[in-house]
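J.: coords please:
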Amino acid sequence: MNTPTTQPVRRVVIAGGGTAGWMMAALMSKLLGRQLDIKLVESEEIGTVGVGEATIPALHTFHNLLGINEAEFMAATNATFKLGIHFEGWKDIGEDYFHSFGSTGNDHWSAGFQHFWLKGVAEGLARPYTDYNPETVAAFANRFAHLPRNGLNYAYHLDAGRYARYLRAMSEAHGVQRIEGRIAAVLQDGPQGRAGDITALQMQDGTRIAGELFIDCTGFRSLLLGETLGVGYEDWSCWLPCDRAVAVQTASVREAWPYTRAICHPFGWQWRIPLQNRVGNGLVYSSRELSDADAPEVLKQHVEGELLIPPRLLKFTPGQRAKAWERNCIAVGLASGFVEPLESTSIHLIQRSAIRLMQLFPGGGIKPADIEEYNQQSRRELEHIRDFIVLHYHVNARTDSRLWRDVRDMELPATLRHRIELFRASARVFRPSDELFAENSWIQVMLGQGIAPQAYHPVADLMGRPELSNFLGDIQLKVSRTVAGLPGHQAYVEQLCAPYRSASTAQLAATPLRA
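T.: Down below sits the predicted model:
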């Protein structure tokens, strides 16, 4: 039960570091550091998950709010550019498609480009849908550059451990106090110390760290929100069958390519994420289809280059906490829920939590209306992402394993079923204003997974054959010319980061590295 308080929030305690903790600390201290006493508690003995190294373009917003210099950040985190995700074998064995950032072709106010493209396909005039998207063409050409007017939409591949260290240095410069140690108990007010708000974290050395607002970044355990306040967890395994991941880093054996690879297997899927200095690899799988004992060896058989660390196994249940904010505690990152890393949304969800808290910050006291708004927004956002990821699993033609047959036959969330039926019937896609993935993302994945629309918008028929041929040809020519003028991705990254390389190395050397 959430009850209003008039006690001003002046002391904020973040339990847990890693990407979640330091992203929260960085934004909060940047905006409100002069008004708040912010403490972050973490232990060198407790490793962070840190397997997700791919991001989406929304991270630019977060970096702009923090005033981050892109080249400096990339040098510090060994980052490369990401133009999208290459899905290999998801529709069926031997078939692939690309989910790019940005837009494809030119839309009309009444109908998206896909309608004109579909008519072009029917008339024998259209090239593959991807040929009208500059990000996809640039990705497969292994080229990249910053273009005027966001001519290429991009995100990053980054070293999550180094990113946390980078944000830690920024946070401490804005007054955040880091406290090393393990939490022994979470203290509450009320009878038996369990009936009310959290009042303090008691450390193993006896120290008590008091606050008015607590941020739970303790990972899957959810020590504060889940274990202490008893907020339940909604299990989405009925839609998302994978419940394990094993991750490993390997030495680079080729130039870094500007996209993430998502490679399908009978028991799940595999990621390959190229950084400047190494490659991040992981296997996401169902424990019904592959044993935890066999998974590391299977991953080793499907990577390139020397292993730099031993494989690390993670167990998870896809889903979300019933509430992200309860009483005076907000769970962020894995403590609030986890879908899976298929569309690189984990860091984005941390970012959204941080921005949402700043918009609803309870400086004058915690109010139920603010809590309810925060929770509603958090739930809608994660459910939208869930539907998008379930789409990749459900619409497939694979027959090689029980996993892929089962997900094809499963009952879908009503929201996703409607989207699929709408696109199949009329090629239409509509996006709620607060949804993460834009229309073109849904179109690319639905086409890539093999959904063939039965009709297109009649406005496309207003174009005669010559006009449609010129319309499509001009777009494709512009894309090909743009990409042809781009430098190689690896060379561009090296040139961009070179002026900051030594400074970034020195800065990170002064900030201890956590696993």
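
J.: C-alpha from now on. contacts and neighbour counts both.
T.: Fine.

J.: low-confidence stretches in the stretch 1-150 of the chain?
T.: 1-4, 46-52 (pLDDT under 70).

J.: show me where it has its helices.
T.: 18-32, 59-66, 70-77, 113-123, 134-140 (DSSP state H, counting those that start in this stretch).

J.: okay if I get the ones you listed as TSV plus distance to Ala251?
T.: Output for the helices of the stretch 1-150 of the chain, formatted as TSV (distance: least, Cα to Cα, whole Å):
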stretch	distance to Ala251
helix 18-32	23
helix 59-66	26
helix 70-77	16
helix 113-123	40
helix 134-140	21
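
J.: Ala460: which of the ones you listed is closest?
T.: helix 113-123 (5.2 Å; Cα to Cα).

J.: now do stretch 483-498: distance to the chain's middle.
T.: 25 Å (Cα atoms, centre = their mean, to the nearest Å).

J.: buried stuff in that stretch?
T.: 483, 486-490, 492-494, 496-497 (16 or more other Cα atoms under 10 Å).

J.: so which of the residues you listed comes closest to Lys300?
T.: Gln490 (25.6 Å).

J.: could you confirm the closest one falls within a strand?
T.: No - using DSSP: H, G, I helix; E, B strand; the rest coil, the assignment for Gln490 is helix, not a strand.

J.: list the contacts of it.
T.: 255-257 (Cα atoms under 8 Å, 6 or more residues apart in numbering).

J.: now those in TSV, with pLDDT, neighbour count and secondary structure?
T.: Below are these laid out as TSV (pLDDT from 0 to 100; neighbours: other Cα atoms under 10 Å; DSSP: H, G, I helix; E, B strand; the rest coil):
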residue	pLDDT	neighbour count	secondary structure
Glu255	95	16	coil
Ala256	96	21	coil
Trp257	97	24	coil
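
J.: surely Asp189 is in contact with Ala200?
T.: No - judged on Cα atoms under 8 Å, Asp189 makes no contact with Ala200 at a distance of 9.4 Å.

J.: with neighbour numbers in mind, choose between the two.
T.: Relative neighbour count places Ala200 above the other of Asp189 and Ala200, with 20 against 13, counting by other Cα atoms under 10 Å.

J.: per-domain residue ranges of the protein.
T.: Split into domains by automatic domain parsing, the chain comes to 11-80+159-236+322-384, 102-157+386-484.

J.: right, and the ones you listed - which one's nearest Gly280?
T.: It's domain 11-80+159-236+322-384; of the domains of the chain, that one is closest to Gly280 (Cα to Cα) at 7.3 Å.

J.: now do the helices in the stretch 351-500 of the chain.
T.: For the stretch 351-500 of the chain, the helices defined by DSSP H, counting those that start in this stretch cover 368-394, 402-409, 414-426, 439-448, 465-484, 489-497.

J.: in terms of secondary structure, what does the longest one contact?
T.: In terms of contact count using 3 or more Cα pairs under 8 Å, 6 or more residues apart in numbering; DSSP states H and E, helix 368-394 is assigned the packing partners strand 325-326, helix 346-359, helix 402-409, helix 414-426, helix 439-448.

J.: contacts for the last one, please.
T.: Applying Cα under 8 Å, 6+ apart, the contact partners of helix 439-448 are 91, 96-104, 114, 388, 391-392, 395, 420, 429-431.

J.: let's see it at 10 Å
T.: Helix 439-448 has contacts (Cα atoms under 10 Å, 6 or more residues apart in numbering) with 87, 90-91, 95-105, 112-114, 129-130, 388-389, 391-392, 395-396, 419-420, 423-424, 427-432, 449-453.

J.: go ahead and build a ChimeraX selection from the buried members of the residues you listed.
T.: To isolate the buried ones among the contacts of helix 439-448 in ChimeraX, judged by 16+ other Cα under 10 Å, type:
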select :87,90,91,96,97,98,99,100,101,102,103,104,105,112,113,114,129,130,388,389,391,392,395,396,419,420,423,424,427,428,429,449,450,451,453
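
J.: got the residue ranges for the strands in the stretch 101-250 of the chain?
T.: Along the stretch 101-250 of the chain, the stretches classed as strands by DSSP state E, counting those that start in this stretch are 155-157, 177-180, 183-188, 198-203, 208-210, 213-216, 233-235, 244-251.

J.: go through these and name the closest to Leu313.
T.: Of the strands of the stretch 101-250 of the chain, nearest to Leu313 by Cα to Cα is strand 244-251, at 4.3 Å.

J.: after the closest one, next one along is what?
T.: Using DSSP states H and E, the next helix or strand after strand 244-251 towards the C-terminus is strand 260-265.

J.: chain center to that following strand: distance?
T.: That offset, for strand 260-265, works out to 16 Å (Cα atoms, centre = their mean).

J.: what pairs with the very next helix or strand once past it, parallel or antiparallel?
T.: Later in the chain than strand 260-265, the nearest helix or strand by DSSP H and E is strand 268-274. Strand 268-274 has its sheet partners listed here by DSSP bridges as strand 260-265 (antiparallel), strand 278-285 (antiparallel).

J.: would you mind finding the most buried of these?
T.: strand 278-285 (a mean of 25; mean count of other Cα atoms under 10 Å).

J.: how far off helix 402-409 does that strand point, in degrees?
T.: Counting by axes from the mean of the first three to the mean of the last three Cα atoms, to 10 degrees, strand 278-285 points 70 degrees away from the direction of helix 402-409.

J.: for the residue nearest the centre of the chain, give me its contacts.
T.: The chain has Thr345 as the residue nearest its centroid, 1.6 Å off, counting by Cα atoms, centre = their mean. Residues near Thr345 by Cα under 10 Å, 6+ apart: 52, 54-56, 58, 338-339, 351, 382, 385, 436.

J.: would you mind giving the buried residues of stretch 483-498 as a markdown table with pLDDT added?
T.: Shown next, in a markdown table, are those (pLDDT from 0 to 100):
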| residue | pLDDT |
| --- | --- |
| Val483 | 97 |
| Leu486 | 98 |
| Pro487 | 98 |
| Gly488 | 98 |
| His489 | 98 |
| Gln490 | 97 |
| Tyr492 | 98 |
| Val493 | 98 |
| Glu494 | 97 |
| Leu496 | 97 |
| Cys497 | 97 |
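
J.: in TSV, list the residues you listed along with distance to Asp409.
T.: Below are those laid out as TSV (distance: Cα to Cα, whole Å):
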residue	distance to Asp409
Val483	41
Leu486	44
Pro487	45
Gly488	43
His489	41
Gln490	43
Tyr492	45
Val493	44
Glu494	47
Leu496	48
Cys497	48
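
J.: burial count for Leu59?
T.: With other Cα under 10 Å as criterion, Leu59 counts 16.

J.: how about Thr61?
T.: Thr61, neighbours per other Cα under 10 Å, totals 12.

J.: am I right that it is in contact with Gln351?
T.: Yes - in this structure Thr61 lies within contact range of Gln351 using Cα atoms under 10 Å: 9.0 Å.
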